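S.K.: Predicted model and sequence below, questions to follow.
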There are 2 protein chains.
Amino acid sequence: MRKTIIATGAVLALAAPLSAFAQAKPEQLVKQRQSAMTLIAKYFGPIAGMAQGKIPYNADTVARNATYLENLAQMPWDGFNESTKDVKSNALPAVWSEPSKFQEAANRLQSETVKLAAAARAKDEAGVKAQFGAVGKACGACHDNFRQKQ
Amino acid sequence: MRKTIIATGAVLALAAPLSAFAQAKPEQLVKQRQSAMTLIAKYFGPIAGMAQGKIPYNADTVARNATYLENLAQMPWDGFNESTKDVKSNALPAVWSEPSKFQEAANRLQSETVKLAAAARAKDEAGVKAQFGAVGKACGACHDNFRQKQ
């Protein structure tokens, strides 16, 4: 049953302005962006645990998870379309009142996860341990400014 | 504001047995697997529309979406842990009563999306148009057997 799949992915992400690909209904956009956040948490959690020595370090898992994160970090943003302003969610009004600051925060998560994934795929454990904090800070900085306190 | 990020991803997915990475609570596992399915639909939809000529073909969008899909297609399966059997969802009991058939269906989606992504990144429009149907069939076959009728 165990099977190895090797997928070589050259992702050319166009990182368009936040609203560029939005076509779905507002509720669907919210569901999609929340789905991306759910999966970002799923795959970042073990990396953080390993980088902090809370669970045993597994370089293959880190490489896989970090590659997922690099992709997932590109997925939430078009879901923050203006049409979703009035849909119930944890997004603060600042998402739409400070769009360039929000875009900057989004870009930061993307660039930090790209660096994390590069270190992870190079099996550079020290690099991963140095970089995971930058990814965590990118998450936290955006949540502090643009998400309701949990 | 427009920014291009190029992420080169070599994904080494260990495609472990379905239960190997499950540590989260059952409700969380369901939420995570449903999140992956939501995003698979988000990124497959435009490819299907373009491959069928319903919307203009954009090779960059297809390459991006197909790479996302290749990653996302690996994400749902550990969420079908036995601990989630009694959590309300659309999963049919066959997921757990016919595990090898379910694993086969999961593997099929993964291998078909790997092929789609390779054609998409090669900007092989004819290849994408030939392969998108195989991905759609992999979705449908699994839904027919393992998901409640919608």
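M.R.: In hand now; what should we look at?

S.K.: how about A:Val95, secondary structure?
M.R.: helix (DSSP: H, G, I helix; E, B strand; the rest coil).

S.K.: Strands of chain A, start to end?
M.R.: Applying DSSP state E to chain A gives strands spanning A:5-13.

S.K.: The helix ranked longest in it near chain B at all?
M.R.: Ordering each helix of chain A by length in residues (DSSP state H) puts helix A:26-51 first. Yes: legend: contact between helix A:26-51 and chain B by C-beta under 8 Å from any C-beta of the partner chain is shown at A:31-32, A:34-36, A:38-39, A:42. All C-beta spots, glycine's among them, are computed from the backbone N, C-alpha and C.

S.K.: mean confidence score for stretch A:65-82?
M.R.: For stretch A:65-82, mean pLDDT is 97.

S.K.: How about that stretch and chain B, touching?
M.R.: Yes: counting by C-beta under 8 Å from any C-beta, chain B has neighbours in stretch A:65-82: A:67-68, A:70-72, A:74-75.

S.K.: can I get those residues in JSON lines with neighbour count and distance to A:Glu82?
M.R.: Output for the residues of stretch A:65-82 next to chain B, formatted as JSON lines (neighbours: other C-beta atoms under 10 Å in any protein chain shown; distance: C-beta to C-beta, whole Å):
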{"residue": "A:Thr67", "neighbour count": "29", "distance to A:Glu82": "32"}
{"residue": "A:Tyr68", "neighbour count": "24", "distance to A:Glu82": "29"}
{"residue": "A:Glu70", "neighbour count": "29", "distance to A:Glu82": "27"}
{"residue": "A:Asn71", "neighbour count": "28", "distance to A:Glu82": "25"}
{"residue": "A:Leu72", "neighbour count": "30", "distance to A:Glu82": "23"}
{"residue": "A:Gln74", "neighbour count": "24", "distance to A:Glu82": "20"}
{"residue": "A:Met75", "neighbour count": "21", "distance to A:Glu82": "18"}
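
S.K.: Tell me the spacing between the spatially most central residue of chain A and A:Lys123.
M.R.: Nearest to the mean C-alpha position of chain A, by C-alpha atoms, centre = their mean, lies A:Ala73 at 2.9 Å. Applying C-beta to C-beta, to the nearest Å, the value for A:Ala73 to A:Lys123 is 21 Å.

S.K.: Same check on A:Gln150?
M.R.: Distance from A:Gln150 to A:Lys123, by C-beta to C-beta: 34 Å.

S.K.: which of those two has more neighbours?
M.R.: Ranked by neighbour count (other C-beta atoms under 10 Å in any protein chain shown), A:Gln150 and A:Lys123 place A:Lys123 first, with 12 against 5.

S.K.: ok, that one touching A:Tyr57?
M.R.: No: judged on C-beta atoms under 8 Å, A:Lys123 makes no contact with A:Tyr57 at a distance of 10.6 Å.

S.K.: what is the rounded mean pLDDT of the longest helix of chain A?
M.R.: The pLDDT scores in helix A:26-51 average 97.

S.K.: Show me which positions of it end up buried.
M.R.: Across helix A:26-51, burial judged by 16 or more other C-beta atoms under 10 Å in any protein chain shown covers A:26, A:28-44, A:46-48, A:50-51.

S.K.: can you check stretch A:69-88 too?
M.R.: Buried residues in stretch A:69-88 (16+ other C-beta under 10 Å): A:69-81, A:84.

S.K.: Restrict it to CA atoms and write it as PDB.
M.R.: Presented in PDB, the C-alpha positions along stretch A:69-88 are these (Å, rounded to 0.1, in the frame of the first residue of the first chain):
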ATOM      1  CA  LEU A  69       2.900  25.600   2.700                       C
ATOM      2  CA  GLU A  70       4.600  27.400  -0.200                       C
ATOM      3  CA  ASN A  71       1.700  26.600  -2.400                       C
ATOM      4  CA  LEU A  72      -1.000  27.100   0.300                       C
ATOM      5  CA  ALA A  73       0.400  30.600   1.200                       C
ATOM      6  CA  GLN A  74      -0.700  31.800  -2.300                       C
ATOM      7  CA  MET A  75      -4.300  30.600  -2.000                       C
ATOM      8  CA  PRO A  76      -6.200  32.700   0.600                       C
ATOM      9  CA  TRP A  77      -5.900  36.200  -0.900                       C
ATOM     10  CA  ASP A  78      -8.300  36.300  -3.700                       C
ATOM     11  CA  GLY A  79     -10.900  35.100  -1.200                       C
ATOM     12  CA  PHE A  80     -10.700  38.500   0.500                       C
ATOM     13  CA  ASN A  81     -12.700  40.100  -2.300                       C
ATOM     14  CA  GLU A  82     -14.700  43.200  -1.300                       C
ATOM     15  CA  SER A  83     -17.800  41.300  -2.000                       C
ATOM     16  CA  THR A  84     -17.100  39.300   1.200                       C
ATOM     17  CA  LYS A  85     -17.000  42.300   3.500                       C
ATOM     18  CA  ASP A  86     -20.400  41.500   5.000                       C
ATOM     19  CA  VAL A  87     -20.100  37.800   5.300                       C
ATOM     20  CA  LYS A  88     -19.600  36.600   8.900                       C
END
